[in-house]
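K.L.:
Please find the sequence and the predicted model below.
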Amino acid sequence: MENFKTTIVYRYKTGLYVNLTNRCPTACSFCVKNSWKMDYRGSNLDLGGVEPSPAEIIALAKEQWAAQPFDEFVFCGYGEPTMRLEALLATARLIRNSRADPIPRNIRIRLNTNGLANAVWGRNVVPEMKGLIDSVHVSLNTSDPAQWAAIMRPMAPWAATGFEKVKEFIREASLLLPETFASAVEGNGVDIEKFTALARQLGAEPRVRPRLEAEAGQ
Ligand code: SF4
């Protein structure tokens, strides 16, 4: 059944997920937002151009916590969360500064990202995440730059240097943040062995996941 109410926070497994933005620097070939018409398992993730403020997100998260506590707070929606870096960091900071009470200040905070933040912002943003983000999951997808461009379909400003910038982001994250994963989606003709080797070389834990159309979960 279609749900027309815009969803800013939604539950998945034991986590609370935050739909921060619909903007992306990529148009990933595996993305389901168009074929699923911006619906994610019954939640309408189309923000209609109105992006939520950190205070609004925290208020909604507190409501969700009151209904049922969650064990992870995840920045992941139909859009690249780091396109709103300041809002992302401010939201995490509210939690860490006990401004989201009764949500514990030390709750696990995860970021799912395509890893282009350093490219988009023109600086290394990973140090800004230290102490705020516990776990970062980067959609690296391949060890091959041409294949990366074909899978991720980056916008023009990030097409040429994007792959190197994603690798740089992973390397920095693995040095500064508690947990860094690099993921690939099955069925893209990717050499999984080479992908796994690159992920490890960058300091990340490799993760291969099924396409969303084929299996529940992300
Ligand atoms: S960054 Fe995420 S939402 Fe954007 S196109 Fe890629 S998979 Fe889809």
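P.N.:
Arrived safely. Numbering: from 1, shown residues only.

K.L.:
Can you tell me which residues in the chain are near the ligand?
P.N.:
Counting by CB under 6 Å from any ligand atom, the residues of the chain close to the ligand are Cys24, Thr26, Ala27, Cys28, Cys31, Lys33, Tyr78, Gly79, Glu80, Asn114. Placement of C-beta: from N, CA and C, glycine included.

K.L.:
again, only this time at 8 Å
P.N.:
22, 24-28, 30-33, 77-80, 113-114, 139, 152-153 (CB under 8 Å from any ligand atom).

K.L.:
So which residue is smack in the middle of this protein?
P.N.:
Centroid check for the chain by CA atoms, centre = their mean gives Asn112 as the closest residue, at 2.0 Å.

K.L.:
What helix or strand is that one located in?
P.N.:
Here Asn112 is covered by strand 108-113, with elements defined by DSSP states H and E.

K.L.:
So which other helices or strands are in contact with that strand?
P.N.:
Other elements packing on strand 108-113 under the criterion 3 or more CB pairs under 8 Å, 6 or more residues apart in numbering; DSSP states H and E are strand 72-75, helix 85-96, strand 135-139.

K.L.:
any idea what sits nearest the residue nearest to the centre of the chain, other than its immediate chain neighbours?
P.N.:
Cys76 (3.8 Å; CB to CB, 6 or more residues apart in numbering).

K.L.:
From Asn118, how far off is that neighbour?
P.N.:
19 Å (CB to CB, to the nearest Å).

K.L.:
Please compute how far the strand holding Asn112 lies from its chain's middle.
P.N.:
A distance of 6 Å separates the C-alpha centroid of strand 108-113 from that of its chain, computed with CA atoms, centre = their mean, to the nearest Å.

K.L.:
Now do it and helix 85-96, the angle between them.
P.N.:
Computed by axes from the mean of the first three to the mean of the last three CA atoms, to 10 degrees, the angle separating strand 108-113 from helix 85-96 equals 170 degrees.

K.L.:
and strand 108-113, which strands flank it?
P.N.:
Applying DSSP bridges, strand 108-113 is found paired with strand 72-75 (parallel), strand 135-139 (parallel).

K.L.:
what about dumping the CA coordinates of it to CSV?
P.N.:
Presented in CSV, the C-alpha positions along strand 108-113 are these (Å, rounded to 0.1, in the frame of the first residue of the first chain):
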residue,chain,number,x,y,z
ARG,A,108,26.0,3.5,18.3
ILE,A,109,25.8,6.0,15.4
ARG,A,110,26.4,4.7,11.9
LEU,A,111,26.8,6.4,8.6
ASN,A,112,26.1,4.7,5.3
THR,A,113,27.7,6.6,2.5
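
K.L.:
what does the helix or strand following that strand contact?
P.N.:
Downstream of strand 108-113, the first helix or strand assigned by DSSP H and E is helix 117-121. Defining contact as CB atoms under 8 Å, 6 or more residues apart in numbering, one finds that helix 117-121 is touched by 25, 82-83, 85, 124-126, 157-158, 161-162, 165-166, 168-169, 172.

K.L.:
Kindly indicate which of the residues you listed lies nearest Thr7.
P.N.:
Nearest to Thr7, judged by CB to CB, of the contacts of helix 117-121 is Met83 at 17.9 Å.
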